[in-house]
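Visitor: just need the structure, nothing else, for what follows:
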Amino acid sequence: MAVWGWVAVSALGYLLGGCAIWWKKHWSQQGLQALLAVSTGVLLAVAILGMLPHGLAESPNGIPWVLAGLLAACGLQRWLGRREKKKIHSPGAMWGALTGMGIHSFFEGVALGVGFHTDARLGLAVLSALVLHKFPEGVAIASLAVADGKRKKAMAAVGILAASTALGTGTALAVAEISAAGIPLLFSSGILLYIAGTELWPAVNRRRGWGGMGWLLSGILLYGLLGWGSELLAPADAHPHTHHTASPSIESASHSMSHHHAPLEVPGGLPAPEVEMKVEPDAKGGWNIHVSTSHFRFAPERVNGDPRPGEGHAHLYVDGRKVARLYAPWFHLDSLPSGTHTLRVELNSNDHRPLTHRGKKIEDSVTLSVR
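Guide: Purely as a prediction, here's the structure:
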């Protein structure tokens with residue numbers, strides 16, 4: 001299913017919550033708090049176990065963006081809080097609450113978009129958490145509308161929240177196309193930590209006894225189970241990863257005969273991983289090769305395993321002949337004979353299949369003249 005299909009699924013949480021007011025005016029606080037606790041656990045796990053490792057793998061120095069996400073969410077929340085305080089006793093109290101929840105939904109949409117852009121399975125984990133607590137939020141905003149004498153506008157209110165989520169997702173996908181790979185992930189992890197830590201966790205703590213903590217731990221466990229279950233919904237060969245170079249190359253006959261792995265195509269309509277190679281002479285002899293990637297992580301621990309989105313290794317070729325398998329960005333090439341040589345690096349999945357985009361290998365090449 002495309003990312004916008006999953007966004008529609010997340011919006012169902014609001015719509016179902018809004019519709020529930022038409023069926024039943026009073027809902028069990030205990031049940032709604034359990035949903036919030038599970039959602040809190042999933043969001044915390046997504047931020048700490050999912051988005052942070054992915055983001056730091058692609059932008060090792062990007063940890064300040066986590067703080068930026070926290071501060072951005074906090075600043076907007078405080079600004080909206082002041083406005084809502086002024087309106088809380090007015091007939092427009094429902095619209096003040098709707099404004100705050102709309103910004104909240106926008107940020108959740110950002111996290112959802114970044115999750116799916118990075119890894120379909122990470123996106124599904126975010127999705128599950130959002131659906132769980134969008135239902136009680138839909139109940140809450142629809143209840144305010146009914147209490148304000150605007151029962152017919154309850155569905156309009158939840159529709160606005162659903163649209164805010166979609167807007168956040170679209171914004172995230174647009175920004176991810178033009179920014180460094182790990183930055184949107186780290187920024188979104190800060191947003192999720194703020195939402196889970198300041199808005200959802202206090203509601204969990206208000207519940208007496210250990211029940212709330214138990215549901216929260218269940219949410220963390222659910223995140224782990226989603227990593228297994230989402231394999232069925234988002235197969236590992238459906239790579240939802242980033243953009244740019246997939247330049248064509250002409251390979252030598254010797255390489256073509258020795259290479260038996262079928263290419264793994266990045267699905268159409270999705271951006272492809274990016275790779276860039278730089279080669280510099282070493283002062284002690286030989287050549288230092290640096291392979292930088294975006295939305296792609298070297299994963300030596302999973303070599304020969306099943307392909308996973310955004311990870312694998314690289315193959316290095318000199319004049320069409322494979323000379324090394326790279327499991328890290330840096331590699332030292334001992335020597336090259338005199339003459340002109342073409343060095344080429346291509347990205348490969350865990351099972352050694354070359355990644356392609358629109359039929360072209362995702363690779364980069366450098367021509368060297370050696371005296």
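
Visitor: shaky segments in the stretch 1-150 of the chain?
Guide: Residue ranges of the stretch 1-150 of the chain with pLDDT under 70: 1-7, 9-29, 31-32, 35, 57-58, 77, 80-101, 103-104, 114-150.

Visitor: what pairs with G312 across the strands?
Guide: G312 has these beta-bridge partners by DSSP bridges: F298.

Visitor: same question for R344.
Guide: With DSSP bridges as the rule, R344 is bridged to Y317, S365.

Visitor: any idea how far G320 is from it?
Guide: For R344, the distance to G320 (CB to CB, to the nearest Å) stands at 8 Å. The C-beta positions use only the backbone N, C-alpha and C, and glycine is treated the same way.

Visitor: more neighbours: which of the two?
Guide: Using other CB atoms under 10 Å as the criterion, R344 and G320 rank with R344 on top: 22 against 15.

Visitor: pretty sure the more buried one is touching Y317, no?
Guide: Yes - the pair R344 / Y317 is scored as a contact, 4.5 Å apart, by CB atoms under 8 Å.

Visitor: can you list the domains in this structure?
Guide: 3-233, 253-370 (automatic domain parsing).

Visitor: let me see the mean pLDDT of the shortest one.
Guide: Confidence for domain 253-370, expressed as mean pLDDT, is 84.

Visitor: same thing with stretch 160-169?
Guide: For stretch 160-169, the per-residue pLDDT averages 80.

Visitor: try stretch 197-209
Guide: The predicted model assigns stretch 197-209 a mean pLDDT of 74.

Visitor: mind listing what's buried in it?
Guide: Buried residues in stretch 197-209, counting neighbours by 16 or more other CB atoms under 10 Å, are found at E199, L200, W201, A203, V204, R207.

Visitor: where's the fifth one, which helix or strand?
Guide: In other words, V204. Under the criterion DSSP states H and E, the helix or strand holding V204 is helix 201-205.

Visitor: residues in contact with that helix?
Guide: The contact list for helix 201-205 (CB atoms under 8 Å, 6 or more residues apart in numbering) reads Q33, L36, A37, T40, G212, M213, W215, L216.

Visitor: now swap in stretch 330-347 and tell me
Guide: In contact with stretch 330-347 (CB under 8 Å, 6+ apart) are residues 249, 273, 275, 277, 279, 282, 285-291, 293, 296, 312, 314-320, 323-324, 326, 354-355, 361-371.

Visitor: just the ones of these in strands?
Guide: Of the positions in the contacts of stretch 330-347, 275, 277, 279, 287-291, 293, 312, 314-318, 323-324, 326, 355, 361, 363-370 sit in strands, assigned by DSSP state E.

Visitor: and the helices in the protein?
Guide: For the chain, the helices defined by DSSP state H occupy 3-23, 29-45, 52-58, 64-87, 93-118, 120-147, 154-178, 183-194, 201-205, 211-233, 253-258.

Visitor: ok so, going back, can you name the two of the contacts of helix 201-205 that are farthest apart?
Guide: L36 and M213 (12.7 Å; CB to CB).

Visitor: for these two, indicate the residue with more neighbours.
Guide: Each of L36 and M213 has its neighbours counted (other CB under 10 Å); L36 has more, 26 against 14.

Visitor: any idea how far that one is from I220?
Guide: According to CB to CB, L36 stands 14 Å off from I220.

Visitor: what pLDDT does the closest residue in space to G113 that isn't next to it in sequence get?
Guide: Leaving aside its chain neighbours, G113 sits nearest to A172 (3.0 Å; criterion: CB to CB, 6 or more residues apart in numbering). A172 carries a pLDDT value of 73.

Visitor: same deal with the one 10 residues further on?
Guide: In the prediction, the pLDDT value recorded for G182 is 66.

Visitor: same check, this time on the one 10 residues further on
Guide: Predicted confidence (pLDDT) for L192: 76.

Visitor: tell me the contacts of the residue lying closest to it once chain neighbours are set aside?
Guide: Counting by CB to CB, 6+ apart, A47 is the residue found nearest to L192 once chain neighbours are left out, at 4.0 Å. Counting by CB under 8 Å, 6+ apart, A47 makes contact with S189, L192, L193, A196.

Visitor: just give me the closest of the residues you listed to S105.
Guide: Nearest to S105, judged by CB to CB, of these is L192 at 13.3 Å.

Visitor: neighbours around I362, how many?
Guide: I362: 27 neighbours (other CB under 10 Å).

Visitor: would you agree it is in contact with A272?
Guide: Yes - if you go by CB under 8 Å, I362 and A272 touch, sitting 5.7 Å apart.

Visitor: so L70 touches Y194, yeah?
Guide: Yes - using CB under 8 Å, L70 is in contact with Y194, at 5.0 Å.

Visitor: quick one on the thing from earlier: could you pick out the buried ones from the ones in strands among the contacts of stretch 330-347?
Guide: Counted by 16+ other CB under 10 Å, the ones in strands among the contacts of stretch 330-347 give 275, 277, 279, 287, 289, 291, 293, 312, 314-318, 326, 355, 361, 363-364 as buried.
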